[in-house]
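Q: for reference, the sequence and a predicted model appear below.
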Amino acid sequence: MENLNQAILNKSAKVNVFGMGYVGIPLAIEIAKSGFKVHGTDRNGWKTTALSNGENPLTDLKEIDINSLKKLAGEGRMTFSQEYDKNSDIKMICVQTPMFPDRRPNLTTAKDIAKTIGKNLKRGSLIINESTVAPGMTRKVIANILEEESGLKAGEDFYLVASPERIDPGNTVYTINKMPKVIGGLNKESLELGVAFYSNFIQKVVPVSSLEAAEATKMLENSYRALNIGFINEFAKFCDAAGINVTEVVDAAATKPIGFAKHYPSIGVGGSCIPKDPYYLISAGEEAGMQFTILWNAMWSNESMPYYTFDLLKKASKENNVKLSNAKVVIFGIAYKGDVKDLRDSPPLVLCNMLKREGIKTYVYDPYFSDDELKKMELLPFHPEKESCDIVIIGCDHSQFKAFDYKKLSGLKFIIDGKNILQKMHVPVIGIGIGNKS
């Protein structure tokens with residue numbers, strides 16, 4: 001431990017980040033900026049080639065400090081390839097952990113990386129799992145694979161840390177170095193090394209008592225959000241039925257200085273975490289012999305929102321004498337959240353595909369995507385400056401949509417505001433939990 005601790009202090013420790021994606025790239029850059037030499041590994045050669053040239057392979061990822069990337073890659077402080085650095089001292093797993101179709105955790109890639117690391121693991125190394133997993137998985141899965149492949153003993157011959165990522169795409173306040181970092185270790189020595197390492201490039205480090213506590217923290221924070229969003233979505237449906245403005249009620253409730261946090265309904269919940277992480281917790285609960293019934297219902301509520309939006313569309317079409325089968329519908333924004341170019345589990349994309357399956361003429365306007373990009377996804381681009389339409393659906397809250405002049409849309413009959421971002425307009429505006437705001 002002392003040798004690695006000293007190498008961390010003088011920044012001579014070599015770092016290998018596995019997975020050059022939304023987490024791995026900005027993380028690797030921050031580590032290199034703090035003085036460590038970093039090697040990035042990814043199975044996709046086009047990514048590593050672009051990064052080696054100081055280019056951003058993920059054009060939708062704003063968090064990449066491209067100037068630092070170019071400088072560090074040019075100086076040789078950052079290297080990239082499909083191979084891993086066998087001589088690295090610190091190895092970080094930053095790969096996706098998606099779900100199988102039945103919503104069970106899919107740890108295939110994380111397991112593969114653990115096997116790769118284990119085959120050439122040297123004594124005294126520190127392994128860090130940044131990938132999101134259910135409580136117990138770093139110990140039961142990652143540690144076991146590392147031991148089996150290397151013949152070494154976790155906690156004695158090498159050290160193990162869990163520090164689930166907290167990347168928030170598009171967040172310019174809590175950037176990767178400003179977001180507090182929760183760290184749990186296999187043992188006391190592992191935790192101390194993890195804290196010493198992360199303290200070089202993270203402003204606030206939050207140590208917890210175990211690997212499981214760190215993993216559970218990520219499960220709790222995202223499941224908490226999923227629960228509250230699920231409830232507000234249900235509450236919005238009630239408000240629609242009762243003729244109450246959900247936004248007014250939420251804002252009024254928020255005047256209570258304790259015990260309430262604002263959540264708003266919308267067309268649905270997307271991204272890499274909230275639609276997935278709660279199912280990891282549900283799966284862990286089943287293994288422990290208990291059920292997260294409320295959480296399961298909240299997930300169903302969130303996943304129902306594109307369908308609920310479709311129902312609002314059908315109802316509004318009848319009320320405004322628009323024959324939906326003949327209408328031209330345009331979805332404004334297909335990203336999962338505003339001001340990002342990110343389609344992961346995108347609710348407006350779900351709605352778009354739903355409308356297409358129903359035979360409804362559906363177009364997309366999203367300034368973050370080119371016509372060619374939309375066409376590759378088999379989506380029809382819409383050009384508001386020269387085309388007409390009957391119906392607009394606000395799919396995500398890009399800043400441009402709040403200031404957009406909807407009067408220039410020839411033939412527009414009404415708007416479905418899936419993010420509740422619009423005020424009164426020259427045509428009816430139907431929000432989620434608000435009803436007709438015209």
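A: That came through fine.
Q: state the pLDDT value of the closest residue to Pro265 other than its chain neighbours.
A: Nearest residue to Pro265 in three dimensions, chain neighbours excluded: Ala236, at 3.5 Å (C-beta to C-beta, 6 or more residues apart in numbering). (Each C-beta comes from the backbone N, C-alpha and C, glycine too.) Note for Ala236: predicted pLDDT of 97.
Q: who's in contact with Ala236?
A: 246, 265, 432-433 (C-beta atoms under 8 Å, 6 or more residues apart in numbering).
Q: what residues of the host helix or strand of it count as buried?
A: According to DSSP states H and E, Ala236 maps onto helix 211-242. For helix 211-242, a neighbour-count test (16 or more other C-beta atoms under 10 Å) marks 211-219, 221-223, 225-227, 229-237, 239-240 as buried.
Q: what's in contact with stretch 217-232?
A: Taking C-beta under 8 Å, 6+ apart as the rule, stretch 217-232 contacts 132, 134-135, 164, 166, 182, 208, 246, 250, 261, 263-265, 269, 273-275, 277-278, 280-281, 284, 292, 294-295, 297-302.
Q: narrow these to just the buried residues.
A: Among those, those buried by neighbour count (16+ other C-beta under 10 Å) are 132, 134-135, 164, 166, 182, 208, 246, 250, 263-265, 269, 273-275, 277-278, 280-281, 284, 292, 295, 298-299, 301-302.
Q: which ones among those residues are found in strands?
A: Val182 (DSSP state E).
Q: neighbours of the closest residue to Asn56 other than its chain neighbours, how many?
A: Among residues not flanking Asn56 along the chain, Ile64 sits closest, at 4.9 Å (C-beta to C-beta, 6+ apart). Around Ile64 there are 19 other residues, counting by other C-beta atoms under 10 Å.
Q: could you do Asp372 as well?
A: Counted with other C-beta under 10 Å, the neighbours of Asp372 add up to 8.
Q: what helix or strand is it on?
A: Residue-wise, Asp372 maps onto helix 371-376 under DSSP H and E.
Q: can you pull the contacts of the residue nearest to Asn56?
A: When contacts are counted by C-beta under 8 Å, 6+ apart, Ile64 is found next to 25-26, 29, 56, 58.
Q: from those, which two are the most distant?
A: The two members of the contacts of Ile64 with the most space between them (C-beta to C-beta) are Ile29 and Leu58, at 12.5 Å.
Q: ok, the two, which is more surrounded?
A: Ile29 (26 against 18).
Q: I'd assumed Lys71 was in contact with the more buried one.
A: No: using C-beta atoms under 8 Å, Ile29 is not in contact with Lys71, being 10.0 Å away.
Q: how about low-confidence regions in this protein?
A: Within the chain, the ranges that satisfy pLDDT under 70 run 60, 435-438.
Q: residue at max distance from the center of it?
A: Asn321 (39.2 Å; C-alpha atoms, centre = their mean).
Q: thinking again about what came up before, rebuild the contacts of Ile64 as JSON lines, extending it with distance to Gly333 and secondary structure.
A: Output for the contacts of Ile64, formatted as JSON lines (distance: C-beta to C-beta, whole Å; DSSP: H, G, I helix; E, B strand; the rest coil):
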{"residue": "Ile25", "distance to Gly333": "25", "secondary structure": "helix"}
{"residue": "Pro26", "distance to Gly333": "24", "secondary structure": "helix"}
{"residue": "Ile29", "distance to Gly333": "28", "secondary structure": "helix"}
{"residue": "Asn56", "distance to Gly333": "22", "secondary structure": "coil"}
{"residue": "Leu58", "distance to Gly333": "19", "secondary structure": "coil"}
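Q: list just the nearest of those residues to Lys178.
A: Nearest to Lys178, judged by C-beta to C-beta, of the contacts of Ile64 is Pro26 at 12.0 Å.
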